[in-house]
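Enquirer: take a look and give me a structure for this.
(2 chains)
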There are 2 protein chains.
Amino acid sequence: MAAEIFVKKQTIDLRKKHIGPSCKIFFSHDPVKIVRAKGQYMYDEKGQRYLDCINNVAHVGHCHPDVVKAGAQQMELLNTNSRFLHDNLVLYAQRLQATLPDKLSVCYFVNSGSEANDLALRLAWQYTGHKDIITLENAYHGHVSSLIDISPYKFQHLSDDERNQTVHVAPSPDVYRGKYRADHPDPASAYADEVKDMIHGVHEKGGKIAAFIAESLQSCGGQVIPPTGYFQQVAQHVRKAGGIFIADEVQVGFGRIGTHFWAFQLQGEDFVPDIVTMGKPIGNGHPMSCVVTTKEVAEAFMSSGMEYFNTFGGNPVSCAIGTAVLDVIAKEDLQGNALRVGGYLARLLEQQKEKHPLVGDIRGRGLFAGVELVKDRLTLTPATAEAQEVIYRLKEQYILLSADGPHRNVLKFKPPMCFTEEDADLVVGKIDQILTELEEALGLKLQNALSLENGSSKRKLPAEENGHVYLGALSHDRGSSRGLPQQAKRLRT
Amino acid sequence: MAAEIFVKKQTIDLRKKHIGPSCKIFFSHDPVKIVRAKGQYMYDEKGQRYLDCINNVAHVGHCHPDVVKAGAQQMELLNTNSRFLHDNLVLYAQRLQATLPDKLSVCYFVNSGSEANDLALRLAWQYTGHKDIITLENAYHGHVSSLIDISPYKFQHLSDDERNQTVHVAPSPDVYRGKYRADHPDPASAYADEVKDMIHGVHEKGGKIAAFIAESLQSCGGQVIPPTGYFQQVAQHVRKAGGIFIADEVQVGFGRIGTHFWAFQLQGEDFVPDIVTMGKPIGNGHPMSCVVTTKEVAEAFMSSGMEYFNTFGGNPVSCAIGTAVLDVIAKEDLQGNALRVGGYLARLLEQQKEKHPLVGDIRGRGLFAGVELVKDRLTLTPATAEAQEVIYRLKEQYILLSADGPHRNVLKFKPPMCFTEEDADLVVGKIDQILTELEEALGLKLQNALSLENGSSKRKLPAEENGHVYLGALSHDRGSSRGLPQQAKRLRT
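Expert: This next block holds a predicted model:
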């Protein structure tokens, strides 16, 4: 198929005609048409190169030749369902299992993170015989109806009676903006106690906890890193109530965090979830995913007598591709690269925080990083329009970054794992320029903010509270800032 | 990846260790290991060829070179999400739309039939503002939790309080075994009136109908062909109640029925569903699927303000593959082939019915056919064990067929669309031999059964009611019939 069939205008018109309008596009007033990609770079129809800082799905690099070859060769040979014996299926299951604690030994192969999380709920319901689910504020777990129910990121605008009454939302363990912050003596226990109290509340109303589900690090929710020890304590409370712990690794698994292969492992070796769900990066873009659980949960699921069959799940092509992804991660030491380049990126970003008052917080692990922009480091007023301005201007300079979180003010880094220090220099250098210009325009200056934010003085910084309106003047080159809030909304998952 | 990595015993052991036991395998006591496939043939690790009569997913033939090439070339170039403009997405949407009535113009690309049907429910709920769903007896719509709720094929063993109370099960429009049969003057109206009455019942209890959902032809439910006019009347009743009509084409779409591209079109040109869902054959095995609906439904979904994003859905590789599948169907006139070979197969099977008392009913359209085995053509006692015996013996003769339906007594033909008359001769010849032997062993003879079944005389045929036990003696070559009932259960989707 040719790289370009229609001129861009035609593509846009056909998209308007034939694609559901709920399916949003990046940079809707001037979207990007991408025709090819390689490594951490994407190319538009004119051959212009973009640095990709957002596509965690293209985990080992766009169009990695080893992955393409594995897929193409297997497609040529056989692609069928898992009701026939095939070595790719069991080999891949064995390889995945080897990355996990021993007790997580049983795999179910499915086609998307959504299918994985829905199956995780089914396993939990069946294993426990309970129905209630505890999820976290701002969590996103997928697009099928059962997952909209447990994703406050999606359902927060619904009325109470449109929400599932067996779903309970615990505070996000966000130590920057959440209920208990970095200055709390023990935020892990404080947040876990919230879950404990919630369980009591559910019991009082006659409910029974089936599961607690959390992304090991919240992504759409604003790149949130839960305090160490939080998961252990939550698991203890939940298991005491007869429930199980589901770790959603769809966004953050497969070595992205650098120090470990799975992000739940950041909590310590004493923590093992009952179910781990995988997705996005698992097949470098190929539609596949996996649920891994214990023998006990798997046997309880079988004891229902209801068979589980997934037409495409675990087919030989998906398994060949999944195995190739694991091979490339190992061969190219991409987990090590995530640790090294992620560390380098974090240091660059910390320098930005020292320099720019708009930068409220830098957080992340490996090549999963967040830069939270605020108008005021004490009140933490989200700099939403400014964050959108940053990503728009970066796009004009051929760098793809996104902003997310409940206030859409967190710059979100999750690039292909072959990202380099030079790439980090490039994007942070551009951010530096943009923030400098924005702050000049807003009249923002860093007034000893670093000492202030940790001190007891609550003196407010001279921040421009009306930055959004002011930014309008900056947006002369593409028709004003009117598009910004809308765009902000549209960039969400 | 090599064709065989482990010896079969190791593959089986690893599968037991690492794959969820709810994921069943064909012929569990002696499963088949398939290492390659081409057209309508699959090959085991010893190079033995099997004729494939069941894999409707491998729609244009296993590993079709055009499809493989389209996928491989696009994988090499770009595979990313639909937030970037890409011509493959809009081209494919345009191509799909051209196969459908004009008003079905808006596509949502997802990864599986399950994702498609779940999204169809979300569209229906949002568009109508209603919650209740009417589904058909024995229906199967997918494996995610919302679809288990509407799939009696899956939930029929659950207790009442485990069932979703907003889901209502209408009688299957099965004119062979159902409530209204071929001798009824107007089964279409009779079955549609059941739906009408059900709607009244729901209204009386304060419910409101969001949608009626049906496979255009029931597949797992026993290859059921609804009487012409049924869908029109149901749609009228459902729309009058403010609900919409969802046609599930996951199993039967893409020209399989021969006369039309979509099976709902069998009902006549005056019938257009509000939503059509697609799946299995759409990508010849590649994990992809689609929901197509009207502009009105799509706009109502958008008006909720909730974005719809599907990470893998509509990626350039899936769209390239989907387009290649459409191209091959046209280029090789596979719809025409389905009509011709399907007609030939039907005639061969009708001859079997004339010859074998075990054959109760032959039904189907194109290369979607069912042979219902009964012990008695008047009582319609299902010949479940006999059906299992047929598929086991066929497998020993290197032909893959399955049995399904609520009594697991319907031999189910849904081969790759390149199936030939010679293939039909081969499989029906083998079935003839097996049925002859079975009937001899059971002492079954055709006593003018054809006239009897349509006549007023209700005299019972001298059928062997205890066929299952008797069959045990026939199963000497693989460790008795003890495995049969279990196998029967395991072969279900």
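
Enquirer: which SSE is A:C290 in?
Expert: Element membership of A:C290, judged by DSSP states H and E, is strand A:289-293.

Enquirer: distance from the chain centre to the helix or strand following that strand, please.
Expert: Downstream of strand A:289-293, the next assigned helix or strand under DSSP H and E is helix A:295-303. Offset of helix A:295-303 from its chain centre (C-alpha atoms, centre = their mean, to the nearest Å): 29 Å.

Enquirer: does helix A:295-303 reach chain B?
Expert: Yes - Helix A:295-303 comes into contact with chain B (C-beta under 8 Å from any C-beta of the partner chain), by way of A:A298, A:E299, A:F301, A:M302. Where you see a C-beta, it was placed from the backbone N, CA and C, and this is true even at glycine.

Enquirer: tell me the most packed of these, by neighbour count.
Expert: Comparing the residues of helix A:295-303 next to chain B by number of neighbours (other C-beta atoms under 10 Å in any protein chain shown), A:A298 comes first, having 26 neighbours.

Enquirer: ok, and the closest non-adjacent residue to that residue?
Expert: Among residues not flanking A:A298 along the chain, A:V106 sits closest, at 4.1 Å (C-beta to C-beta, 6 or more residues apart in numbering or on different chains).

Enquirer: then A:D274?
Expert: Nearest to A:D274 is A:I244, by C-beta to C-beta, 6+ apart, at 3.8 Å.

Enquirer: could you tell me the model confidence score at the one you found?
Expert: pLDDT for A:I244: 98.

Enquirer: do the same with the one 10 residues further on
Expert: Note on A:F254: pLDDT of 98.

Enquirer: just give the number of residues close to the residue nearest to it when sequence neighbours are not counted.
Expert: Spatial nearest neighbour of A:F254, chain neighbours left out: A:P281 (4.8 Å); criterion: C-beta to C-beta, 6+ apart. Neighbourhood size, A:P281 [other C-beta under 10 Å]: 26.

Enquirer: next one: A:D66
Expert: With other C-beta under 10 Å as criterion, A:D66 counts 17.

Enquirer: measure it to A:M278 for me?
Expert: 20 Å (C-beta to C-beta, to the nearest Å).

Enquirer: not counting its neighbours along the chain, what's nearest A:I362?
Expert: Nearest one to A:I362, counting by C-beta to C-beta, 6+ apart, is A:L349 at 4.6 Å.

Enquirer: test my guess that A:L444 contacts A:L358.
Expert: Yes - A:L444 is within contact range of A:L358, at 6.5 Å (criterion: C-beta atoms under 8 Å).

Enquirer: elements contacting the strand holding A:C290?
Expert: Applying 3 or more C-beta pairs under 8 Å, 6 or more residues apart in numbering or on different chains; DSSP states H and E, we find strand A:289-293 packed against helix A:87-97, strand A:106-110, helix A:113-128, strand A:275-278.

Enquirer: list the helices and strands the last one packs on?
Expert: Using 3+ C-beta pairs under 8 Å, 6+ apart as the contact criterion, the elements in contact with strand A:275-278 are helix A:113-128, strand A:244-248, strand A:289-293.

Enquirer: quick one: low-confidence parts of the stretch 1-150 of chain A?
Expert: A:1-3 (pLDDT under 70).

Enquirer: residue boundaries of the strands in it?
Expert: A:34-38, A:41-44, A:49-52, A:106-110, A:132-136 (DSSP state E, counting those that start in this stretch).

Enquirer: strand partners (parallel or antiparallel) of the last one?
Expert: Right, the one you point to is strand A:132-136. Here strand A:132-136 has these sheet partners by DSSP bridges: strand A:167-170 (parallel), strand A:209-215 (parallel).

Enquirer: the second one too?
Expert: Looking at strand A:41-44 with DSSP bridges, its partner strands are strand A:34-38 (antiparallel), strand A:49-52 (antiparallel).

Enquirer: A:A211 pairs with what?
Expert: Note on A:A211: beta-bridge partners by DSSP bridges are A:I133, A:I244.

Enquirer: what sits against it?
Expert: Contact analysis of A:A211 by C-beta atoms under 8 Å, 6 or more residues apart in numbering or on different chains lists A:120-121, A:124, A:128, A:133-134, A:238, A:243-246, A:274-275.

Enquirer: equivalent analysis for A:G285, please.
Expert: Counted by C-beta under 8 Å, 6+ apart, A:G285 has contacts A:V57, A:A58, A:H62, B:N79, B:T80, B:F312, B:N315, B:V317.

Enquirer: can you tell me the SS state at it?
Expert: What DSSP: H, G, I helix; E, B strand; the rest coil gives for A:G285 is coil.

Enquirer: buried ones in stretch A:379-397?
Expert: Within stretch A:379-397, the residues scored as buried using 16 or more other C-beta atoms under 10 Å in any protein chain shown are A:380-395.

Enquirer: near chain B, which of those show up?
Expert: Okay, of the buried residues of stretch A:379-397, nothing touches chain B (C-beta under 8 Å from any C-beta).

Enquirer: closest to chain B among those?
Expert: The nearest member of the buried residues of stretch A:379-397 to chain B, counting by C-beta to the nearest C-beta, is A:K395 at 11.5 Å.

Enquirer: other SSEs contacting the helix or strand containing the closest one?
Expert: Using DSSP H and E, A:K395 maps to helix A:384-396. Packing partners of helix A:384-396 (3+ C-beta pairs under 8 Å, 6+ apart): strand A:368-373, strand A:402-404, strand A:410-413, helix A:421-442, helix A:467-474, helix A:483-490.
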